[in-house]
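Undergrad: Attaching a predicted model along with its sequence, questions to come.
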Amino acid sequence: MTDAEWAEVRVSLPVPGWLEGRGGQPEGYCHRQMIDAVRYLVDNGIKWRAMPADFPVWDRVYAFWRRWRDKGFTRELHDRLRDRVREAAGRDREPTAGVIDAQSVKGATSVPAATRGFDGGKKVNGRKRHIVVDTLGLLLVVMVTAASVTDREAGQRVLAALRGRHWRIALVWADGGYTGKLVDFARSVLRFALTVVKRSDDASGFVVLPKRWLVERTFAWLMRSRRLARDYEARTDSSETMIWWSMSMVMSRRLARRRC
């Protein structure tokens, strides 16, 4: 990270318990070095054991990443950065609309059979990433499942998680894979409108569809991180954590450019 980017990340870091008098042992490492090391791994797609000597020892970096995953600190850092990006764009912290979609990616040999499957539509053997973004393309919810899980099956859990974390959501746009009972479930149970944006029958070739392009752009941002080009994680929550880290890099760089 540049100094300008670190300044943005530092003010968004979760506050450790020992600083607030809640107990615990003070950290014996530099947060900037650890976060730089994790970001390097996500951005370049290296193995943990291939961590360059410029960073702390790989097992200490992994222990840091794993603790942040299990304690929810990665999500907390991401959400704080998202709030600041929304405010910088003149938006309220709490979004009122979102866009849902899914992406199937191949799974490496490290992905166990219990959490992988075959997506017949995309002809992909691996996992599927279900995400909801706001109208700026920023992540609101992430869920990773086997690729065999359909959009409608996962959509109910993803939208329920969206409602639980973002109470002001009133409208979500989706593609044709989310039609059927899911629309009624969103209206009657979750109390928001799920609007399906369909491709016109008269359209030929590539056509940019209203609202749906927002989530496709977010997938493009995420795929710049080589660690996300394929799913290498043994656990689905580890895959989700990698996505949160990738999006955190996108937002911290955007905030740093604004500062400059």
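TA: Received the coordinates, thanks.

Undergrad: buried sites along stretch 32-40?
TA: Residues of stretch 32-40 classed as buried: 34-40 (neighbour count, 16 or more other CB atoms under 10 Å). All C-beta spots, glycine's among them, are computed from the backbone N, C-alpha and C.

Undergrad: I'd like the distance between the nearest residue to Gly107 once chain neighbours are set aside and Arg258.
TA: Spatial nearest neighbour of Gly107, excluding adjacent residues (CB to CB, 6 or more residues apart in numbering): Gly126 at 3.2 Å. Note on Gly126: its distance to Arg258, by CB to CB, to the nearest Å, is 36 Å.

Undergrad: who's more crowded, those two?
TA: Neighbours per residue, other CB atoms under 10 Å: of Gly126 and Arg258, the larger number sits with Gly126, 21 against 13.

Undergrad: Are we agreed that the more buried one is in a strand?
TA: Yes: per DSSP: H, G, I helix; E, B strand; the rest coil, Gly126 lies within a strand segment.

Undergrad: if I pick it, what's in contact with it?
TA: Contacts for Gly126 (CB atoms under 8 Å, 6 or more residues apart in numbering) come out as 104-107, 111, 116-117, 119, 147, 230-231.

Undergrad: could you dump these to CSV with pLDDT?
TA: Compiled in CSV, the contacts of Gly126 are given as follows (pLDDT from 0 to 100):
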residue, pLDDT
Ser104, 97
Val105, 97
Lys106, 97
Gly107, 97
Val111, 96
Arg116, 96
Gly117, 97
Asp119, 96
Ala147, 97
Arg230, 96
Asp231, 97
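
Undergrad: What ranges in the stretch 1-150 of the chain fall below the confidence cut-off?
TA: Applying pLDDT under 70 to the stretch 1-150 of the chain flags the ranges 16-24, 26.

Undergrad: Which parts of it are strands?
TA: Secondary structure of the stretch 1-150 of the chain (DSSP state E, counting those that start in this stretch): strands located at 97-106, 117-119, 124-133, 139-146.

Undergrad: So which bits of stretch 37-55 are buried?
TA: Buried residues in stretch 37-55 (16+ other CB under 10 Å): 37-43, 45, 51, 55.

Undergrad: What is the nearest of the buried residues of stretch 32-40 to Arg69?
TA: Val38 (10.3 Å; CB to CB).

Undergrad: excluding its backbone neighbours, what's nearest Met1?
TA: Asp36 (5.9 Å).
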